[in-house]
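Chemist: Here is my input; please provide its structure:
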Amino acid sequence: MNVHLVGDDTAKLALLRGMLAERCSLTSELIGDADIRGGDIDAIVVSADLRDVDNITALKEISDRLARIPRRIFLTNHKSRLSTVQAYALGATSVLSSTPTRNQLLGKLLDARPQSNAKSVAADDRQAAFAGASCIASMFAAVLGGAAIDVDETRRAGKRIADCIAENGLSDWLATVRRHHEGTYQHCLLVTGITVDFGLSLGVHSTDLERLYMAAMFHDIGKAKIPLAILDKPGRLDTKERALVETHPAAGYDALKGTPAITTEVLDAVRHHHEFLDGSGYPDGLMADSIPDLTRILTISDIFSALIEYRSYKPVMARDKAYEILQSMEGKLEKPLIGAFRDVALIR
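Modeler: Alright, predicted model coming up:
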């Protein structure tokens, strides 16, 4: 594996070289001189203080070249949520502590995620996923910092994803995202792709398709308020943790409701994507006719995504098994929509 190291400290780079030299072919450079011109880099490890404006500027200047590298591992101060979010905004596919163990670093570099069945994953899919993840991370940073959310950036990122789905299909998108992204960012990208493909399969108008991908991009923005230790917990949440996670739809709604460019339909979907037709969902216990079509589509896409996404502690669920679970939720989800979702789940 060809790994390129970029850092703001020569001693840190030397330490990383010592950790990886036996398993990887290595090149390295200081962040201020970073060029990344090689076309055969399998992974990049960035070790830099993201509180330093010069480091952020240097990484932004090479963002187009970063996007071409399949694995982008950033080493940051894990005690700072903003540093982690900043790393994802700059294009990280994984984030580790600034002082990882050798096994932790090699685990990210050499992980065994599922490969695409296609001969090659389209480069434009990877670029769209890079832009989408960066956009979602920027939203989280805005919520954490009390800054304005860039709705136009979200619209552009969502449109780019929609174009990729229309051009290359859903299966390639799922492979790209599961291969190169993780955690909440992986989930949001999967939900956006699945929601778009569901909309395309239903033949929705372009205006409605935009509402769908905007709702999908924004749907979990409330998770910016949830501690990473809970979001990334490798296993079942306890009662208190589950209750905290269930605050995210209302928190997302509150974060977005003062933004004029966000439509009421999108706001409703953000708040109610965990509602069920039988009234057993949250946060408002809505029933049947109180749940709009856009929200119903997003809910199905969200559940399916959660079932099939990659997690390091469990195998990826097969799409046919995930669809069987959706079918078992009759009464909670709209039966005709579940039927219409079949090709999205199994074929497209």
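Chemist: For Leu5, what are phi and psi?
Modeler: When read as degrees, to the nearest 10, the backbone of Leu5 gives phi -110, psi 130.
Chemist: That one contacts Leu16, doesn't it?
Modeler: Yes. Between Leu5 and Leu16 there is a contact at 5.2 Å, judged by Cβ atoms under 8 Å. All C-beta spots, glycine's among them, are computed from the backbone N, C-alpha and C.
Chemist: Between the two, which contacts overlap?
Modeler: Ser28, Val45, Ser47 (Cβ atoms under 8 Å, 6 or more residues apart in numbering).
Chemist: Tell me which of those fall in strands.
Modeler: Counted as lying in strands by DSSP state E, out of the shared contacts of Leu5 and Leu16, are Ser28, Val45, Ser47.
Chemist: so where's this structure shaky on pLDDT?
Modeler: Scanning the chain with the threshold set as pLDDT under 70 gives 38-39, 78-80, 111-123, 180-181, 312-313.
Chemist: ranges for the strands of it?
Modeler: Counting by DSSP E, the strands of the chain are 2-7, 25-30, 43-47, 71-76, 94-97.
Chemist: ok, back up a step: now render the shared contacts of Leu5 and Leu16 as a markdown table, adding distance to Ala250 and neighbour count.
Modeler: Shown next, in a markdown table, are the shared contacts of Leu5 and Leu16 (distance: Cβ to Cβ, whole Å; neighbours: other Cβ atoms under 10 Å):
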| residue | distance to Ala250 | neighbour count |
| --- | --- | --- |
| Ser28 | 46 | 17 |
| Val45 | 38 | 27 |
| Ser47 | 38 | 23 |
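Chemist: got TSV for those residues, with distance to Arg242 too?
Modeler: TSV is the format used below for the shared contacts of Leu5 and Leu16 (distance: Cβ to Cβ, whole Å):
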residue	distance to Arg242
Ser28	43
Val45	35
Ser47	35
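Chemist: so which of the residues you listed comes closest to Ser201?
Modeler: Val45 (39.7 Å; Cβ to Cβ).
Chemist: I'd like the distance between the closest one and Leu212.
Modeler: 36 Å (Cβ to Cβ, to the nearest Å).
Chemist: So which residues of the stretch 51-200 of the chain form helices?
Modeler: For the stretch 51-200 of the chain, applying DSSP state H, counting those that start in this stretch gives helices covering 53-61, 63-66, 81-89, 102-109, 123-145, 151-168, 170-180, 183-202.
Chemist: looking at these, which is closest to His273?
Modeler: Using Cβ to Cβ, those put helix 183-202 closest to His273, at 9.0 Å.
Chemist: Now do the closest one against helix 170-180, angle only.
Modeler: Orientation check (axes from the mean of the first three to the mean of the last three Cα atoms, to 10 degrees): helix 183-202 against helix 170-180 gives 180 degrees.
Chemist: Can you check what angle separates helix 183-202 from helix 151-168?
Modeler: Using the same axes, to 10 degrees: helix 183-202 against helix 151-168 is 60 degrees.
Chemist: what's helix 183-202 packed up against?
Modeler: Applying 3 or more Cβ pairs under 8 Å, 6 or more residues apart in numbering; DSSP states H and E, we find helix 183-202 packed against helix 123-145, helix 151-168, helix 170-180, helix 206-218, helix 293-308, helix 335-340, helix 342-346.
Chemist: ok, Ser171 to Ala345 distance?
Modeler: Applying Cβ to Cβ, the value for Ser171 to Ala345 is 11 Å.
Chemist: which one of these two has more residues nearby?
Modeler: A direct count of neighbours by other Cβ atoms under 10 Å for Ser171 and Ala345 places Ala345 higher, at 24 against 16.
Chemist: if I read this right, the more buried one contacts Arg319, doesn't it?
Modeler: Yes. Using Cβ under 8 Å, Ala345 makes contact with Arg319 at a distance of 5.6 Å.
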